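Novice: Got a predicted structure plus its sequence, pasted below:
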Amino acid sequence: MAKAKLKKEAAAMECRRCGVCCTKHQAFVTPADIERITDFLGITLNDWENLYDDRRWQYSEYRLIRHVDGACAFLRFDEGHSTCLIHAVKPACCARWEAGEDKKECREGIGEAATG
Ligand code: SF4
Ligand code: SF4
């Protein structure tokens, strides 16, 4: 247990806001996530389905946020740094995601930053 904790701490890193994770993956949203996010945005469930739901995924009550131009519909870049437009109410799967040296997405982000 202690070894696992040490390994996790060693791999932890500060998020560099490269946005690679939000580009490589589609976020799963639970019904509770959708309710929280639609409340935050002030939109109806119908609006959500029209604007943000990926209709190709029809396999469970868990839905996928649509990608637009190759990235999550809520991802924006500001002066080279990624921003989540729904950060305050982001899906649970996104809130659980932590930057880490052991994650290929974060390493790719470092590489992109290093090469400009
Ligand atoms: S909801 Fe926000 S944190 Fe989650 S994938 Fe989309 S932009 Fe990234
Ligand atoms: S890939 Fe890693 S460093 Fe880049 S935004 Fe996601 S968590 Fe942060």
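Specialist: Arrived safely, thanks for sending. Ligands and ions are numbered 1, 2, ... in the order given.

Novice: Need the nearest residue in space to L75, chain neighbours excluded.
Specialist: Spatial nearest neighbour of L75, excluding adjacent residues (CB to CB, 6 or more residues apart in numbering): C22 at 4.4 Å. (C-beta placed from N, C-alpha, C; glycine too.)

Novice: now do D53
Specialist: Closest to D53 by CB to CB, 6+ apart is R63, at 5.5 Å.

Novice: Tell me, how many residues neighbour that neighbour?
Specialist: Using other CB atoms under 10 Å, the number of residues around R63 comes to 24.

Novice: And it, how far from F28?
Specialist: The gap separating R63 from F28 is 7 Å, by CB to CB, to the nearest Å.

Novice: Also G109?
Specialist: Counting by CB to CB, the gap from G109 to F28 is 21 Å.

Novice: Give me every residue in the chain lying close to ligand 1.
Specialist: 22, 27, 65, 72, 74-75, 84, 86, 90-91, 94 (CB under 6 Å from any ligand atom).

Novice: if I read this right, W48 contacts R36, doesn't it?
Specialist: No. Between W48 and R36 there is no contact under CB atoms under 8 Å: 11.3 Å.

Novice: ok, back up a step: take the residues of the chain next to ligand 1 and keep only those in helices.
Specialist: 22, 94 (DSSP state H).

Novice: Widest-spaced pair of the residues of the chain next to ligand 1?
Specialist: Among these, the pair separated by the greatest distance (CB to CB) is L75 and P91, at 12.8 Å.

Novice: which of these two has more neighbours?
Specialist: Shown here are L75 and P91; by other CB under 10 Å, P91 has more neighbours (24 against 20).
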